[in-house]
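Colleague: show me the folded form of this:
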Amino acid sequence: MNILESDKLKIRILICLNKQEEAISLNSLKKQVRAINYRSVQRNCDFLNLTGLITIKKQRIADITYNMISISDNGRDMLERYDNISNLLT
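Modeller: Numbers count the residues shown, from 1 in each chain. Purely as a prediction, here's the structure:
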């Protein structure tokens with residue numbers, strides 16, 4: 001089965017967020033999924049947020065606003081239902 005690279009990035013984002021105890025910043029997420037382009041991670045997170053698989057909250061720290069991202073219950077349920085989803089990344 002062939003899937004798009006952007007879809008693989010979405011899967012990597014969900015898997016990474018599922019391992020996190022708390023919300024992480026968009027820049028930290030970009031580093032953890034080993035993506036090169038910040039904007040592509042942001043666009044994929046916006047899509048996942050629209051589908052209800054992740055949540056994005058703005059947090060202001062020392063005059064800087066960060067996008068804090070965490071996986072939603074729907075995202076965790078989806079990963080549990082499709083336990084072999086990481087096989088699609090190869």
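
Colleague: OK, contacts around the residue nearest to L9 when sequence neighbours are not counted?
Modeller: Leaving aside its sequence neighbours, L9 sits nearest to N44 (CB to CB, 6 or more residues apart in numbering; 5.3 Å). For glycine as for every other residue, the C-beta is placed from the backbone atoms N, C-alpha and C. Going by CB atoms under 8 Å, 6 or more residues apart in numbering, N44 touches 6, 9-10, 13.

Colleague: from these, keep the buried residues only.
Modeller: Among the contacts of N44, those classed as buried by 16 or more other CB atoms under 10 Å are 9-10, 13.

Colleague: before we move on, the earlier item: give me the three-state assignment for the residue nearest to L9.
Modeller: Judged by DSSP: H, G, I helix; E, B strand; the rest coil, the three-state class of N44 is helix.

Colleague: same question, the one 4 residues further on
Modeller: Remark: L48 carries the secondary structure label helix [criterion: three-state DSSP].

Colleague: what about the closest residue to it other than its chain neighbours, how many neighbours?
Modeller: Distances taken as CB to CB, 6+ apart put I54 closest to L48, at 4.5 Å, once the chain neighbours are dropped. For I54, the neighbour count with other CB atoms under 10 Å is 24.
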